[in-house]
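here you go, sequence then predicted model.
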2 protein chains.
Amino acid sequence: MARLGDCITMMDEGIGRVGQILPDMPEAEARLTRLLLMVGRSFDETIEQALKPNSINHSDFLTLMILYSRPDGSSTPGELCEYTSQGATNMTRIANALVKRGLITRGASEEDRRRVVIRITPSGRRFVQKLLPPLFPRVSAAFTGFSDAEKRSFSRLLRKLADNLDHLDEASPKDAP
Amino acid sequence: MARLGDCITMMDEGIGRVGQILPDMPEAEARLTRLLLMVGRSFDETIEQALKPNSINHSDFLTLMILYSRPDGSSTPGELCEYTSQGATNMTRIANALVKRGLITRGASEEDRRRVVIRITPSGRRFVQKLLPPLFPRVSAAFTGFSDAEKRSFSRLLRKLADNLDHLDEASPKDAP
DNA sequence: CTATTTTAGTTCACTGGTGAAATATGAGCC
DNA sequence: GGCTCATATTTCACCAGTGAACTAAAATAG
């Protein structure tokens, strides 16, 4: 795989040339967009690799982590879909996979029988506690050279961007029913 | 779909609770990592939606854009793989799709007959020039409220992170042959 | 020059993720 | 109660992306 730095160099040159052809293009914003997507994808890939020795993929892991982080260790597919930004279809697959490994249980809800209650098992908790610590050095290393002020700044800018994206979706209505 | 802001709130709470259980966790870095991944994924999705009316997906579009941005409008599958961070397998599929739509051509290289030369067609150029401008307002809108200084800062931090990620891969050798 | 190794690209089988339809339960209305 | 409508999950068919095996053409070694 090519190094990210090389891809970024190419991107910079490419956007520079396109900007000359199409002067209306918001060049700075286009660069930031590509930059964010490239770095995000690369980081994702890094994590996927780091999880591979444990034979778990990123979305299964994230789902399990949400359950682990819950005070009662339980949730429902619908809720997990919301917080993982996964479709319901995929959550069914994820739950199937985690149940098969004994990391979670699936049961019917008493109050609302449409609902399914998903709960992390003791085995699931142990799995997380074994898997997580070896990841810490890599997560820290990704931000080496970042001062506390830079980390705060980065966090603030990402949250601001998130807010803009939420309002973007509002501003452009899909359809008027 | 849940709003990104809600997901971020949940993530903050979740990491807070996990941090109490596992005090070794680099909490600030973990938050930044999740933030980046969530925002990146959401942005990606937004772009995918914006491209959908043109019946083209993000990776096909990106490949076409690289060709468009090249002075000579041509490249090879291998080169495109590097700069799009796609596997060779997927590039074959992308090229097939773009050839079928008449946006690129595929031909054998004269100098090196293993190589395939991919070239954007006039139709491909027109397609890009028609598709791109309507995207500009959304790209700009994503960064509303960002001062020039903030944009520069964001760019700098993302590039710094990219550099760290490149060195992360170096630091952890896959195997010693 | 032939034999081996390396490089470029494709094919195949599989994993991961999505939209649309199906199923089943709950909620509101008359 | 029965009728309609909304909600929660699953199933099915498909799109997107990957690793491993294959093919063909350089490059290199002896």
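Alright, I've got the coordinates. Remember, predicted model here, so these are calculated numbers, not experimental data.

stretch A:25-45 close to chain B?
Yes. Under the criterion of CB under 8 Å from any CB of the partner chain, stretch A:25-45 makes contact with chain B via A:25-26, A:28-33, A:35-45. C-beta coordinates here come from the backbone N, C-alpha and C atoms, glycine included.

inside helices: which ones of those residues?
Among these, the residues falling in helices (DSSP state H) are A:28-33, A:35-45.

residues in contact with the nearest residue to A:Leu62 once chain neighbours are set aside?
Among residues not flanking A:Leu62 along the chain, A:Thr84 sits closest, at 5.5 Å (CB to CB, 6 or more residues apart in numbering or on different chains). Listed by CB atoms under 8 Å, 6 or more residues apart in numbering or on different chains, the contact set of A:Thr84 reads A:59, A:62-63, A:66, A:91.

list buried residues within the residues of stretch A:25-45 next to chain B.
By neighbour count, with 16 or more other CB atoms under 10 Å in any protein chain shown, the residues of stretch A:25-45 next to chain B hold A:25-26, A:28-33, A:35-45 as buried.

of the residues you listed, which fall within the contact range of DNA strand C?
Among those, proximity to DNA strand C is found for none (CB under 7 Å from any atom of the strand).

now chain A against chain B: closest residue?
In chain A, no residue comes nearer to chain B than A:Gly40, which is 2.5 Å away by CB to the nearest CB.

just checking, that residue touches B:Gly40?
Yes. Contact criterion CB atoms under 8 Å: A:Gly40 and B:Gly40 qualify, at 2.5 Å.

any idea of the pLDDT on A:Leu37?
On pLDDT, A:Leu37 comes in at 97.

give me the nearest residue to A:Leu131, chain neighbours excluded.
Once flanking residues are discounted, A:Leu131 sits nearest to A:Asn54: 5.2 Å by CB to CB, 6+ apart.

tell me, how many residues neighbour that neighbour?
For A:Asn54, the tally of surrounding residues (other CB atoms under 10 Å in any protein chain shown) stands at 13.

quick one: the strands in chain A?
Ranges of strands in chain A, per DSSP state E, are A:74-75, A:104-108, A:116-120.

and the pLDDT at the residue nearest to A:Gly102 when sequence neighbours are not counted?
Nearest-residue entry for A:Gly102: A:Ser123, 5.2 Å, with adjacent residues in sequence omitted and distances by CB to CB, 6+ apart. With respect to pLDDT, A:Ser123 scores 97.

and the helix-or-strand element of chain A with minimal mean pLDDT, what does it pack against?
Within chain A, no helix or strand scores below helix A:148-171, which has a mean of 92 by mean pLDDT, DSSP states H and E. When contacts are defined as 3 or more CB pairs under 8 Å, 6 or more residues apart in numbering or on different chains; DSSP states H and E, helix A:148-171 packs onto helix B:4-21, helix B:27-51, helix B:136-142, helix B:148-171.
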